[in-house]
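1. Could you work out the structure for the sequence below:
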Amino acid sequence: MGRRIDLSGAEIRADHGDGSPPIFLPRQPAASPLLALDIGGTLIKLVYTASCGGEEELRFAKFERRRLDDCFDFVRAQGLLGCNGTTTGSSKENMTLKATGGGSYKFGDDFRQKLGVSLDKLDEMDSVVSGANFLLQNVPGAAFTHMSGKMNSIDISPDNLFPYLLVNIGSGVSILKVTGNGKFERVTGTHIGGGTMFGLAKLLTGCKSYDEFLQLSQKGDNFVLDLVVKDICGELACQKQGLSTSTLASSFGKVITSMKKLADYKPEDLASALLSAFTYNIAQISFLVASLLGLRRVFFGGSYIRGHKSTMDNISYALNFWSESQMQASFLQHEGYLGALGALMSYGDPRDENLNLEESQEENSHEAAGPTDVTSADEHNDSNIFPYLLVNIGSGVSMIEVIGKGKFERIIGSHLGGGTILGLARLLTGCSSYEEFLDLSRRGDNLAVDLTVGDIYGERGYPKIGLPASTTAASFGKVNSGKLSEYKAEDLAAALLNSFTYNIGQIAYFVANLSGLKRIFFRGAYVCGHEKTMDKISRSLKYWSKGEVQTTFLCHEGFLGTLGAFWSYENMGIDGLASHEVIREVLLGAPYTGQFPSSPLTREQENGGNTTAEAEMERLRRDNAVLKSELERLQRENTELKARLVKSDEAATL
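-> Just a heads-up that it's a prediction; the model follows:
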């Protein structure tokens, strides 16, 4: 058995803000160095022991995964190819390095050929949790809060640490519930993470590194591109409704009405908008998950935080906002090295076993083949339709719990809505309308730019936690070049549609689950009879809920605001319009309820060959025209009725 790390007395002797300062191990005996690696989708992280002034310390280094040879050169230069605690003989070929992350499978042969060592592969989630627990239990000052530019260390008693939520932000995001040492559950994740930010940043700003992107974002103003509440309803309406005028309504929403092209925007403003869009989204999902699990302590880690002040401030502000100050975001020094730290801790651990993918559980999809959601109009009556969640997808997204006629409450919203999709689509593809964007997406392949689990772990995926190789790990995570001309507009459009519709579906599911709702209605101008949008949202809800939540799309969904005005005739005393029957017939008579195929669309369908869908869309257009005409007729009759009432009053006066 190799030697173990002595963690007693571990401490950080540098001030906060120094990136990843060494961790001193005063009781660790001097010996040949130990090295562990975390080879992720974008970065390679190294943690190794070294001597300093007669004491041992942990040191940290990172390299872009595409610069694997630079990593090899560093390992040689630092003399990190000693016995490393795990040799079984004097032969160099018997040396092993502890490693985790998907790249440990993909690049094992490279390490063997270039360095003459084999990789002892450890499960990534196990390593991340082990690294976080090491910091929280053994290193004073490792945890801190960051709000409004102010950093404060927090002391956490090891006896009062568990349970907590760990949000690990890498290329994608994994969210783990940690209940003890070696005891955890990956409860969910999101494909919109650091890889998405960096991929889009390359395309929009031309930046070559994530650190350059972060520096750009510090100098920019996201409100040049982002739509706020005041931009939509005006300052007086905001005051009347008790809304903050500066609340973010739609990331990139101003791009829709602007005549500007990508070249007309400053890179720093684009970077700032990207950072706020995705950090707020990660914080919102974290809040919903923590609420569902009844947790109040949330730690954020991962290589895409980088100790960046705006990133931490955004996450802290958003978590505080959505939790109404009931939750506080906590961060970790060395947050990007949790996996590598956990791998290093495994040296000399007798429980450690080399992870064998062949012995892991079989691949399985989280998509449950639930019953087909087909609900007839007769089943929709006042007694069983309520309560439900109404998700309105406009420029932003509003989610409303409806418990009865005239009884509803806006629960939450999302700034990543239709305005974000179309705004980014205009910048990336030059399309001028949502219909043109959807047409582009039908002809594209999102896998040209999206990073999958298979791209990280290989063709078997990550079976231990049930993630097949085809699962999207990071939207736009495969983007390597900052030149838009190197990517097809169709592929970029397909990736945009995938990323944001799945995100809306995920948040809607969490909100419905938190509120105990089993039925979700979707409406809004960005759904509005578009088959592909509805299909993507349906797939997302089916995936996240395992088929347990009914997803329904309302016919005439783009006209619900007008219908609301129409229903207001009832409040004017004109009961003859039978508004109850209008609601039933117009809204509930022909809902979309999961009738689209659960299997991937064929190429013919993707290219618009589905004549049934075209006929259905044409029928919807005709129905909308009839509805508009009927509304105009009713408005004329109402005007005439008012005129008669005035004449009647005048006659009575005479």
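
2. What residues sit buried inside the helix or strand containing Phe111?
-> Using DSSP states H and E, Phe111 sits within helix 108-114. By neighbour count with 16 or more other C-beta atoms under 10 Å, helix 108-114 contains the buried residues 108, 111, 114. The C-beta positions use only the backbone N, C-alpha and C, and glycine is treated the same way.

3. what's the closest of those residues to Thr452?
-> Closest approach to Thr452 among the buried residues of helix 108-114 (C-beta to C-beta): Gly108, at 19.6 Å.

4. Excluding sequence neighbours, find me the nearest residue to the closest one.
-> Leaving aside its chain neighbours, Gly108 sits nearest to Leu119 (5.0 Å; criterion: C-beta to C-beta, 6 or more residues apart in numbering).

5. what pLDDT does that neighbour get?
-> pLDDT, Leu119: 95.

6. correct me, but it touches Lys106?
-> No - look at Leu119 against Lys106 with C-beta atoms under 8 Å: they stay out of range, at 10.5 Å.

7. So the two - more neighbours on which side?
-> Comparing Leu119 with Lys106 by neighbour count (other C-beta atoms under 10 Å), the higher total belongs to Leu119, at 24 against 15.

8. contacting residues for the more buried one?
-> Residues in contact with Leu119 (C-beta atoms under 8 Å, 6 or more residues apart in numbering) are 37, 96-99, 104, 108, 111.

9. can I get those in TSV with distance to Ser545 and secondary structure?
-> Formatted as TSV, these follow (distance: C-beta to C-beta, whole Å; DSSP: H, G, I helix; E, B strand; the rest coil):
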residue	distance to Ser545	secondary structure
Leu37	37	strand
Thr96	43	strand
Leu97	41	strand
Lys98	38	strand
Ala99	36	strand
Ser104	33	helix
Gly108	37	helix
Phe111	41	helix
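
10. ok, of these, which one's closest to Gly172?
-> Ser104 (17.1 Å).

11. any idea how far Asn168 is from that closest one?
-> 17 Å (C-beta to C-beta, to the nearest Å).

12. So between these two, which is more surrounded?
-> When Ser104 and Asn168 are compared for neighbours, Asn168 comes out ahead with 29 against 26, by other C-beta under 10 Å.

13. Next up, the contacts around Leu514.
-> So Leu514 contacts 288, 291-292 (C-beta under 8 Å, 6+ apart).

14. thinking Ile282 is in contact with Gly193, fair?
-> Yes - Ile282 is in contact with Gly193 according to C-beta under 8 Å; the separation is 6.9 Å.

15. Identify the contacts common to these two.
-> Contacts common to Ile282 and Gly193, judged by C-beta under 8 Å, 6+ apart, are 169, 173.

16. Flag the helix or strand of this structure with the lowest per-element mean pLDDT.
-> When each helix and strand of the chain is scored by mean pLDDT, DSSP states H and E, helix 588 comes last, with a mean of 29.

17. Find me the pLDDT at the nearest residue in space to Ser244 that is not next to it in sequence, would you?
-> Spatial nearest neighbour of Ser244, excluding adjacent residues (C-beta to C-beta, 6+ apart): Val229 at 6.6 Å. pLDDT for Val229: 83.

18. How about Thr188?
-> On the pLDDT scale, Thr188 gets 95.

19. Next one: it from His415, what distance?
-> With C-beta to C-beta as the criterion, Thr188 and His415 are 20 Å apart.

20. can you check Leu390 too?
-> Taken as C-beta to C-beta, the span from Leu390 to His415 is 18 Å.

21. Who has more neighbours out of those two?
-> A side-by-side neighbour count of Leu390 and His415, using other C-beta under 10 Å, places His415 first with 25 against 20.

22. can you map out the helices along the stretch 151-300 of the chain?
-> 194-205, 210-219, 229-241, 267-293 (DSSP state H, counting those that start in this stretch).

23. Output the ones you listed in a markdown table; the columns should cover mean neighbour count and distance to Leu338.
-> Shown next, in a markdown table, are these (neighbours: other C-beta atoms under 10 Å; distance: least, C-beta to C-beta, whole Å):
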| stretch | mean neighbour count | distance to Leu338 |
| --- | --- | --- |
| helix 194-205 | 26 | 14 |
| helix 210-219 | 18 | 17 |
| helix 229-241 | 14 | 37 |
| helix 267-293 | 23 | 16 |
